[in-house]
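1. output the structure for:
(2 chains)
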Amino acid sequence: DQQVKQNSPSLSVQEGRISILNCDYTNSMFDYFLWYKKYPAEGPTFLISISSIKDKNEDGRFTVFLNKSAKHLSLHIVPSQPGDSAVYFCAADTQGAQKLVFGQGTRLTINP
Amino acid sequence: DSGVTQTPKHLITATGQRVTLRCSPRSGDLSVYWYQQSLDQGLQFLIQYYNGEERAKGNILERFSAQQFPDLHSELNLSSLELGDSALYFCASSVTGGSTDTQYFGPGTRLTVL
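-> Have a look, this model is predicted:
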């Protein structure tokens, strides 16, 4: 039972354009959502998070949007840079349980 | 560098064997988490420890066990290994293990069971 789904295994974007990564979840008890970035041979690195009481959180070039009614979140990266090429995982948590549930990841490639 | 260290980086073993993976959390972090990433799968939460005590349990098999020692390092023991246990095993740590506490991941241990 995949509670957090990233339906696009890969995404290719031109440098300078916007990258939009999507994530859907099924468990309505999830109330905290995170995005992690992972480079090869490294562990995931925390990128940005959002609580269910908000619908948007911004940090520099990264913005996360949460649509609770659709059980959907997205990560926008603008402008995209070559260093953004990595695998991006969305994750969700319930009531501070700290049992993060991860999606399968989306491989983002930024083309020069 | 997240400050979380994991040893060994790679481990190759045979079915039926037992292995121990080790994790040292970031300085000051009291909570340790273990995750498994199999081929084409997202990270699966296995177990969390806080200051030596088990705090949360995920889909951890009975053949697997973990502990956190007084110096806060943690070990994940995998026994009666099967081919399907081949995966990347990540350790993460956080300051208190509480709500919205950021988890910092180590580089992982790649386990191959032949």
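2. hey, let's count contacts and neighbours off CA atoms from now on
-> Will do.
3. which residues of chain A score low on pLDDT?
-> A:1, A:96 (pLDDT under 70).
4. same question for chain B.
-> Short version for chain B, where the test is pLDDT under 70: B:40.
5. please redo it, this time with the cut-off set to 90
-> Across chain B, the ranges flagged by pLDDT under 90 are B:1-2, B:38-42, B:59, B:96-102.
6. which residue is nearest the centroid of it?
-> With distances taken as Cα atoms, centre = their mean, residue B:34 lies nearest the centre of chain B, 3.1 Å away.
7. show me what contacts it?
-> Applying Cα atoms under 8 Å, 6 or more residues apart in numbering or on different chains to residue B:34 gives the contacts B:45, B:46, B:47, B:48, B:76, B:89, B:90, B:91, B:92.
8. now with 10 Å?
-> Neighbouring residues of residue B:34 by Cα atoms under 10 Å, 6 or more residues apart in numbering or on different chains: B:23, B:43-49, B:57-58, B:60, B:66, B:74-76, B:89-93, B:105, B:108.
9. narrow those residues to those that are buried.
-> Listed as buried from those are B:23, B:43-49, B:60, B:66, B:74-76, B:89-93, B:105, B:108; burial here means 16 or more other Cα atoms under 10 Å in any protein chain shown.
10. near chain A, list only the ones from those.
-> B:43, B:44, B:45, B:46, B:47, B:48, B:89, B:90, B:91, B:92, B:105, B:108 (Cα under 10 Å from any Cα of the partner chain).
11. beta partners of the residue nearest to the first one when sequence neighbours are not counted?
-> If I follow you right, that is residue B:43. Spatial nearest neighbour of residue B:43, excluding adjacent residues (Cα to Cα, 6 or more residues apart in numbering or on different chains): residue B:37 at 4.6 Å. Taking DSSP bridges, one obtains residue B:88 as the residues bridged to residue B:37.
12. number of residues surrounding residue B:37?
-> Neighbourhood size, residue B:37 [other Cα atoms under 10 Å in any protein chain shown]: 20.
13. what of the one 4 residues further on?
-> Residue B:41: 14 surrounding residues under other Cα under 10 Å.
14. again with the one 10 residues further on
-> A count of neighbours around residue B:51, defined by other Cα under 10 Å, yields 18.
15. residues contacting it?
-> By Cα under 10 Å, 6+ apart, residue B:51 lies in contact with B:29, B:30, B:31, B:32, B:68, B:69, B:70, B:71, B:72, B:73, B:96, B:97.
16. of all these, which comes closest to chain A?
-> residue B:97 (6.9 Å; Cα to the nearest Cα).
17. dig out what the nearest residue to that closest one once chain neighbours are set aside forms beta bridges with.
-> Once flanking residues are discounted, residue B:97 sits nearest to residue B:31: 5.2 Å by Cα to Cα, 6+ apart. Beta-bridge partners for residue B:31, by DSSP bridges, are residue B:50, residue B:94.
18. does residue B:31 touch residue B:70 like I think?
-> No: if you go by Cα atoms under 10 Å, residue B:31 and residue B:70 don't touch, sitting 11.9 Å apart.
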